[in-house]
Structure formats: C-alpha cells, structure tokens
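Peer 1: Predicted model and sequence below, questions to follow.
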Amino acid sequence: MTSKNKINEDLANERRKCNFNIEEVTYILDGGKEKTLQRKKIEDVALNGGASVDDIPEEYLSARERYENAIRKSCIYTNIVKNEVLEITGIENYGSPVLRRTGDAFFKDISPFMLHLGMFVPSIIGQCTAEQQATWLPRALDMKIIGAYAQTELGHGTFIRGLETTATYDPETEEFVLHSPTITSYKWWAGGLGRTANHCTVVAQLYTQGKCHGTHLFIVQIRDLETHMPLPGVKVGEIGPRMGFNTADNGFLGFNNYRIPRMNMMMKNAQVLKDGTYVKAARHGKLTYGTMVFVRVTLVGEASFNLAKAVTIAVRYSAVRRQSELRPGSIEPQILDYPTQQHKLFICIATAHAFQLTASWLWNTFTAVQAEMKKGNVDTLPELHALSSCLKALSTSDATAYIEQCRFACGGHGYMLSSNLPFLYAFVVATRTYEGDYTVLLLQTARFLVKAWEQAESGKVVTPTVAYLNRHFTTNGKMIWDNSPEGIIRVFQSVAAGKISLCVRSIRNRITSGMDHEDAWLMTTVQLVNAAEAHCRSVILHTYWNEIVRLTKHSSDNVKTVLNQLVMLYLTYWALERTGDLLRYSTISENDIDLLQRQYEELLVKIRPNAVGLVDAFDIRDEILQSTLGSYDGRVYERLMEEVQKNPLNKEPVDPSFHKYLKPLMKSKI
Ligand SMILES: CCCCC/C=C\C/C=C\C/C=C\C/C=C\C/C=C\CCCCC(=O)SCCNC(=O)CCNC(=O)[C@H](O)C(C)(C)COP(=O)(O)OP(=O)(O)OC[C@H]1O[C@@H](n2cnc3c(N)ncnc32)[C@H](O)[C@@H]1OP(=O)(O)O
Ligand SMILES: Cc1cc2nc3c(=O)[nH]c(=O)nc-3n(C[C@H](O)[C@H](O)[C@H](O)COP(=O)(O)OP(=O)(O)OC[C@H]3O[C@@H](n4cnc5c(N)ncnc54)[C@H](O)[C@@H]3O)c2cc1C
C-alpha cells in the first residue's frame, strides 16, 4: 500500500472493532440487496471516468467561471447518464434518487439541470395529457429542451392564489397571452431559469371568456433553441449571489404580452377549448399543486442522504482526531470517545435511518395514492398532503440542525469549505424554505388534524396515521408511562392528541367569546404548529420502529442488535427532549426520567464500538462525499495540506497587493 491509500490506523482499528455485517445494513437502507447492487453498478459506470475532478476547487472560481464549470460538468454527467447509465436502469429511472446522488460527485453545490429533472419533467408527467406528454416528454428527457419551474414571484411564494402573472386566452388566434402586470408579478427564484433553461413551466392566473379560473400551469419557450437569445416579449436573468445554490442560476422572468399556443396549457386536470370554454376535469381542486407534493415526498429522502453524508464525515473525523487528555499524561483520546461527542453524532446516524425508512414508506404511500387517483378516487389525497407537508417540514428542519451539529463536532476544520460541511448546510437549509416554508406546511397539516379530531369526536373511525385520536376519546386521563418502544410511541401519540385537543378548545373558546373563525384560527397558530410537529414526531417514531421490526426479521443477530440500539437511542433521545410534554400528558415520574437518562447514556456506550461501521454502512463513495475530513481512508491532515496546494493565493510567494498597497502603507509616515 502506498501512503496515499494507506488507511489511518485509528480508523482501521475502528473497523476491526465493528461487530456486525456492514453490507447487511446497507441493503436494509437501500431497500434490498438488488437495489444496492444496482446503485453500485450505476456509480461504477458514472464515476469511473473521474470526470468530477476539478483542477481548481469550484469555491475558488468567479461567479461566471463557476457557472460555466457547472454546465460543463452537467453535460458530461448527462452524456454518461444518457449513453451508459440509462441502459442499466431504463429511461423511467431518469431523475431517480440514485442518479441524483451520483450527481453529487460532480457538483459541490448544485447542477443547473437539477430543476429540469426535479420539477420540469415531473410537471410534464403529472400535469399534461397523454397527447401533450408525447409531444414534450421525449424532447425533455433527451435534453433537446431544458426547462425550469417558474411559480414563485417577487411578491408571492407561499400564497399561490396570490400570484399575479396572467395567461389570457385569445380565441381569435387560439393562443394564451402571458403578461407580468406589476414588478411583484415577475417570476423569481426558479432554478436553472436565469441562464440555462430555454423552456419553463409557468404558473399563471388563467383568464378566458372574461373570467379568472385561478392558477394553472403552462409550458413556455423562453429562449431561441439556436441562439439561446430570450424571445421577444420575454425578460429573463439571474437573481444574484445567495447563501447556497450558487451554481443553480436561479432566475427572474417577466412577460410582455407574450403569446403561446393553446395546447401549451398543461391540460390533464382542466382544459380551455378552442372557443375559450373552460372545462374542469379534476375531481380535486388542488391537483395542479401535484408537482409540489411529489417533490416534498422526495425531499424526505434528500434530508436523510445529506445528513448521512454529514455524519459520515463527522464520525470518521472524530475517530481520527485526538484532542486533550482524560488523565494527566495519558495518551490523547479520539474525540469520538467523549460521550458529549457521541451525543452530538449518534442521534444523527439514527435520524438518517429514521428519515430513510420513513421516506421509503412515504414513497409507497404516494404511489398508492397515485394509483387510487388514476381510478378516479381522490379520498386519500388530503392525508397524503398532510403527511408529505409535515414530513417535508420536519425532516428538512432536523437535517439542517443536525448537519450544523456535525460541523460543530468537527471543530475548526469543519468550518473549511473543503470539509464539505458548509456546502451541505447551505444546500439543506434552503430545503426548509423552498417547496413550502416550514411553518406554512405544518399549518397545512394542522388543518387536517383539526378535521380528523372533529371526526373522531363524533365517533367516526379516522385514517391510520391519526387512529390514535380514536383512542384519545376512549381512554380517560393521562397515558400510562411505559418504557417499551411501543409505550414511548403511544405516549408521543397522546402528546399529539392532547395538543390537538387544546388547539380545538382554544379555537372554540375564542369563537364563543366573539371572534370569527379566521381570527380564532390565526390566534391559535402557534399552538397549531406545535401540535402538527408533535403529530409528525409520533409518525416518524412509529414508522421508524415498525420498519426496523419488519426489516430485521431475518437479519443476523448482531445487525438486529445494533439497529435496535439505534432506534432505542432515537426514541429515548426524543423522550428526553420532550420531558415537559411527557410530564403533562403521561404519568411519567422523575424516577422514570432518571432511568431514561441512564438508558440513553448506556446506549451511547453500546453504540460507540460500531460507530464507524454504521457510517460505513451508508456506503457513500469518497467522490460523492467530497470531503477532506470524511474520506474512507481517514487521511485528514494529508488531504487538508493537499488542498492548500490548490489555493490560487499560494501560487506566488508574494502577492502583488504587497507592492501595490501594503508596502506604500508601511512606508508612509503618520
Ligand atoms: C446533470 C444532472 C443532475 C443530476 C440530477 C439528477 C436527478 C434529479 C432528479 C430528481 C431531483 C430530486 C429531488 C429534488 C431535490 C431538490 C430539488 C431542488 C430544488 C427545488 C427547488 C424548489 C422549487 C420550489 O420551491 S417550487 C415552489 C414551491 N412553492 C410552494 O411550495 C408554495 C407553498 N404554498 C402552497 O403549497 C399553498 O399555497 C398552500 C400554502 C398549501 C395554500 O394553498 P391555497 O391554495 O391557499 O390553499 P388553502 O390553504 O386555501 O387550502 C385549501 C385546501 O386545499 C388543500 N391543499 C393545499 N395544498 C394542497 C395540495 N398540494 N394537495 C392537496 N390538497 C392541498 C388544503 O389542505 C385545504 O384543504 P381543506 O380545505 O383544509 O380541506
Ligand atoms: C434556494 C431556493 C430555490 C428555489 N427554487 C424555486 C424554483 O425553482 N421555483 C419556484 O417557483 N420557486 C422556488 N423557490 C421559492 C420558494 O418556493 C419560496 O421561497 C418558498 O415557497 C417560500 O415562499 P416565500 O419566499 O414567498 O416566503 P414567504 O411566504 O414570504 O415567507 C416569509 C415568512 O412568512 C411566514 N408566512 C408566510 N405565510 C404565512 C402564513 N400563511 N401563516 C404563517 N406564516 C406565514 C413564513 O413562515 C416565513 O417565515 C426557491 C427558493 C429558494 C430559497
């Protein structure tokens, strides 16, 4: 072995200590052995060329160079995907999470094509008729056209009904006229729109026969396919530097009476006939929001994957890093030996598992609801909307907090961009806002919960994810505390039920004392967000536990043990985090809390020897991790020094600014 690929001795020791079969855990997280093998095959094909390697790390480039480099690499990756990967996966897997994840080897930040595959293509699939799909989809999948998703405007993001862009039908020419009547109606934020896209999905208020029918989706060509010039009547550009997403060319877009053919309205759920007659086909008023529901579902898996990356970096680094001394004169311990460090990191491993298993479960729920909707049944959509809203909100918010915790766990070196932790944070913190802000989405779930509570109150049997509400009306008093996993989950469900009940009581009391329903709701929103968070927490705890029991039925003993330790750590951690709620809604005592704390500390000790094995089981290749601190071989200090050589500031021993500014300053007299 050369020193370049020699594994750091501490990390090698950690791997020797690991007592479970790492591959077995990888298979569970990937959803089965076949999926793992296919993922590895895709990674081998896509990453073997080493095309991702930048001579100069992208953080040293100017805005223009960074963008150009991102396009260059996007094209390389797209060609690999088109020519080699899709042969393995089939065209239907274009845009699959595996391709998205493999893409991370090419970009530290984000590809300008992300929104094309992440939202433009899904909007064609979800919102167009079969005939329209036949027109647009092959061209989009083949990258003959490149699209963005332009919904948000300068003045409105959350409140979609408030969007101002208009699409007015002209039966004379059978065209829609797109117009941006005000500065606030300019589209703002769409990824890939600023410089890259030649088409986009535009969300606009539909007017026909003098009447507004609310927001609808349109496919709009914005640039010439040969020259890439914006078409007459289109004003488009990049919105400027932001906290992250700096290679995604987020854009602005305005229209000046810009005409598109009638058939460019996405007509799956509503149509405008040649004469201008509006026909609504949809059985549910919000089906035009379907692309957002799809992306919210996928974001739970995104949260898990990005957190898995961060904690892989932080745990490997913590095994390599030695600091301080436990006893005078003793050898410096690995920082992973500090219980406080384990407290920071093991919850991140458990959370990545919890979100991954919840994401798969949510995806199955999503596809089942889609299948029902194909048959004309939209009854399960409200529950899916409530679930995808709160799970998107909580998973992105927790992942953000824990990625930052991983950075803290890496001390000063975690602050280096080359650790990749700042990039991960900047990318994931945006997910808390986009595709529906955290608070706004939890309030959507709260609407569903209040309705479910009212149904349960009237004796109706409610859907499985809120079935605990039926129990709430049949049991009296506080939930009996029970330290088993099922017992902890039951108590969390009681907390959620108790909080929803308090919200309903507050709303009713406010109405009784003279407020109208809107004000009573508004005044209760702080509690409603809290109740929706409690509900979502109980869903995650329940799903994580159920899935671990189901998926480890045939596992080896040691895998069963370590995955059980992790899920118990998760349940115990959240019980300790929420002792106030537990004291309020269950019979838990001071003594029970002491026992929980001891149980938690014992779990840290038990998990410690397997910590590196657990992050290895995420099986994230070095090319994808892109971190000086987190590589498989643990050559942390060597990589930090190698990275310094790439710093353009170190190219010459003396910087020109010395002669230009510093020296004159040093020579000048006071
Ligand atoms: C080179 C190659 C690169 C490699 C790439 C490879 C592959 C890539 C492939 C995949 C990518 C994978 C993942 C993607 C990852 C990252 C994506 C990256 C970037 C994404 C960028 C983000 C894009 C965006 O942000 S787009 C804009 C999103 N905007 C929003 O989310 C707005 C939020 N607001 C709303 O959703 C709504 O306005 C609202 C807040 C819900 C309120 O709506 P409103 O109409 O006012 O409704 P109201 O409150 O009155 O409610 C009425 C009623 O309707 C119910 N309702 C509301 N919404 C829905 C819904 N969606 N579905 C069903 N029902 C809904 C609501 O509950 C009410 O019901 P009720 O009356 O209570 O019964
Ligand atoms: C990196 C990034 C990429 C994006 N990409 C795209 C894209 O490709 N296409 C696209 O169309 N959009 C995109 N967006 C826009 C994104 O979807 C919106 O920013 C997001 O939906 C939030 O809307 P907003 O910015 O209008 O926030 P606002 O709604 O103005 O929110 C501001 C604050 O007000 C609060 N608030 C708002 N309404 C309520 C309410 N009813 N009750 C209580 N509190 C409320 C929010 O909680 C928040 O704290 C992107 C945004 C980012 C940051």
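Peer 2: The structure has been received and is ready for your questions. All values derive from a computational prediction rather than experimental measurement. Ligands and ions are numbered 1, 2, ... in the order given.

Peer 1: residue boundaries of the helices in the stretch 251-400 of the chain?
Peer 2: Listed in chain order, the helices of the stretch 251-400 of the chain (DSSP state H, counting those that start in this stretch) span 290-320, 339-374, 381-409.

Peer 1: Relative to ligand 2, which of the ones you listed is closest?
Peer 2: Evaluated over the helices of the stretch 251-400 of the chain, closeness to ligand 2 peaks at helix 290-320, with 8.6 Å, by Cβ to the nearest ligand atom. For glycine as for every other residue, the C-beta is placed from the backbone atoms N, C-alpha and C.

Peer 1: What about contact with ligand 2: does the closest one have any residue there?
Peer 2: No: Helix 290-320 lies out of reach of ligand 2 by Cβ under 6 Å from any ligand atom, never closer than 8.6 Å.

Peer 1: Show me what that helix is packed against.
Peer 2: helix 9-17, helix 97-103, helix 121-127, helix 339-374, helix 381-409, helix 421-431, helix 611-616, helix 622-625 (3 or more Cβ pairs under 8 Å, 6 or more residues apart in numbering; DSSP states H and E).

Peer 1: redo that, cut-off 6 Å
Peer 2: On a contact count with 3 or more Cβ pairs under 6 Å, 6 or more residues apart in numbering; DSSP states H and E, helix 290-320 meets helix 9-17, helix 121-127, helix 339-374, helix 381-409, helix 421-431, helix 611-616.

Peer 1: Of all these, which one comes closest to E238?
Peer 2: helix 421-431 (16.4 Å; Cβ to Cβ).

Peer 1: Which strands or helices does that closest one pack on?
Peer 2: If contacts are counted by 3+ Cβ pairs under 6 Å, 6+ apart, helix 421-431 sits against helix 290-320, helix 381-409.

Peer 1: Can you tell me which helices and strands whichever strand or helix holds D44 packs against?
Peer 2: According to DSSP states H and E, D44 maps onto helix 33-47. In this structure, helix 33-47 packs against helix 22-30, helix 97-103, with contacts taken as 3+ Cβ pairs under 6 Å, 6+ apart.

Peer 1: Could you list the contact residues of the protein toward ligand 1?
Peer 2: Counting by Cβ under 6 Å from any ligand atom, the chain comes close to ligand 1 at 74, 77-78, 95, 99-100, 103, 111, 113-115, 117-119, 149, 151-152, 157-161, 191, 286, 289, 292-293, 295, 298, 302, 381-382, 385, 434-436, 440, 444, 447.

Peer 1: ok, back up a step: so which of the helices and strands packed on helix 421-431 is the most packed in?
Peer 2: With neighbours defined as mean count of other Cβ atoms under 10 Å, the helices and strands packed on helix 421-431 peak in mean count at helix 290-320, which reaches a mean of 26.

Peer 1: which sections of this protein are below the confidence cut-off?
Peer 2: For the chain, applying pLDDT under 70 flags the ranges 1-4, 50-53, 282.

Peer 1: can you pull the buried residues of the helix or strand harbouring I489?
Peer 2: Taking DSSP H and E as the definition, I489 sits inside helix 485-512. Buried residues in helix 485-512, defined by neighbour count with 16 or more other Cβ atoms under 10 Å: 485, 487-504, 506-507, 510.

Peer 1: again, but for stretch 550-557
Peer 2: Using 16+ other Cβ under 10 Å as the test for burial, stretch 550-557 gives 551-552, 555.

Peer 1: Any chance of the residues you listed in TSV with secondary structure as columns?
Peer 2: Below are these laid out as TSV (DSSP: H, G, I helix; E, B strand; the rest coil):
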residue	secondary structure
L551	helix
T552	coil
S555	coil
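
Peer 1: Flag every residue of the stretch 351-500 of the chain that's near ligand 2.
Peer 2: Applying Cβ under 6 Å from any ligand atom, we find that the stretch 351-500 of the chain lies next to ligand 2 at 430, 433-437, 439-440, 443.

Peer 1: Compare those and tell me which is most surrounded.
Peer 2: Most neighbours among these, by other Cβ atoms under 10 Å: G436, with 25 neighbours.

Peer 1: Just the ones in helices from the residues of the stretch 351-500 of the chain next to ligand 2, please.
Peer 2: 430, 439-440, 443 (DSSP state H).

Peer 1: Need the distance between the two termini of stretch 326-338.
Peer 2: Start-to-end span of stretch 326-338 (Cα to Cα, to the nearest Å) is 9 Å.

Peer 1: Considering the ones in helices among the residues of the stretch 351-500 of the chain next to ligand 2, which is situated nearest to G214?
Peer 2: Nearest to G214, judged by Cβ to Cβ, of those is V440 at 18.8 Å.

Peer 1: The residue nearest to that closest one when sequence neighbours are not counted - how many residues pack around it?
Peer 2: Excluding the flanking residues, the one nearest V440 by Cβ to Cβ, 6 or more residues apart in numbering is T158, at 5.1 Å. T158: 12 surrounding residues under other Cβ under 10 Å.

Peer 1: Surely T158 and L441 touch.
Peer 2: No: in this structure, T158 is not within contact of L441 by Cβ atoms under 6 Å, at 9.5 Å.

Peer 1: on that earlier part again, can you put the ones in helices among the residues of the stretch 351-500 of the chain next to ligand 2 in CSV and add distance to T525?
Peer 2: Shown next, in CSV, are those (distance: Cβ to Cβ, whole Å):
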residue, distance to T525
A430, 24
T439, 8
V440, 10
L443, 6
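
Peer 1: rewinding a little: shouldn't the residue nearest to V440 be within a strand?
Peer 2: No: counting by three-state DSSP, T158 is not part of a strand but coil.

Peer 1: In this protein, what residue comes closest to ligand 2?
Peer 2: Counting by Cβ to the nearest ligand atom, the chain gets nearest to ligand 2 through G157 (2.3 Å).

Peer 1: Please report phi then psi for the residue lying closest to that residue once chain neighbours are set aside.
Peer 2: Distances taken as Cβ to Cβ, 6+ apart place W189 nearest to G157, at 7.3 Å, with adjacent residues excluded. Backbone torsions of W189, given as degrees, to the nearest 10, read phi 100, psi -20.

Peer 1: ok, now the one 3 residues further on?
Peer 2: Comment: the main-chain dihedrals of G192 come out as phi 80, psi -10, following degrees, to the nearest 10.

Peer 1: what does stretch 620-638 contact?
Peer 2: With contacts defined as Cβ atoms under 6 Å, 6 or more residues apart in numbering, stretch 620-638 is touched by 7-8, 11, 47, 52, 104-105, 108, 309, 312-313, 316-317, 320, 410, 413, 418-420, 639-640, 643.

Peer 1: if you set the cut-off to 8 Å instead, what comes out?
Peer 2: Contacts with stretch 620-638, where a contact means Cβ atoms under 8 Å, 6 or more residues apart in numbering, come from 3-8, 10-11, 43, 47, 50, 52, 101-102, 104-105, 108, 308-309, 312-314, 316-317, 319-321, 410, 413-414, 416, 418-421, 616, 639-640, 642-643.

Peer 1: can you put the helices and strands packed on helix 421-431 in a markdown table and add distance to A130?
Peer 2: Output for the helices and strands packed on helix 421-431, formatted as a markdown table (distance: least, Cβ to Cβ, whole Å):
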| stretch | distance to A130 |
| --- | --- |
| helix 290-320 | 16 |
| helix 381-409 | 21 |
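
Peer 1: Which of those sits closest to Q38?
Peer 2: Across those, Q38 has its closest neighbour in helix 290-320 (16.1 Å, Cβ to Cβ).

Peer 1: chain center to that closest one, what's the gap?
Peer 2: How far helix 290-320 lies from its chain's middle: 7 Å, per Cα atoms, centre = their mean, to the nearest Å.

Peer 1: got it, and stretch 503-517?
Peer 2: Centre-to-centre, stretch 503-517 and its host chain are 36 Å apart (Cα atoms, centre = their mean).

Peer 1: same question, stretch 356-367
Peer 2: Here stretch 356-367 is found 14 Å from its chain centre; the criterion is Cα atoms, centre = their mean.

Peer 1: Same question for stretch 70-90.
Peer 2: Its chain's C-alpha centre and that of stretch 70-90 lie 23 Å apart, by Cα atoms, centre = their mean.
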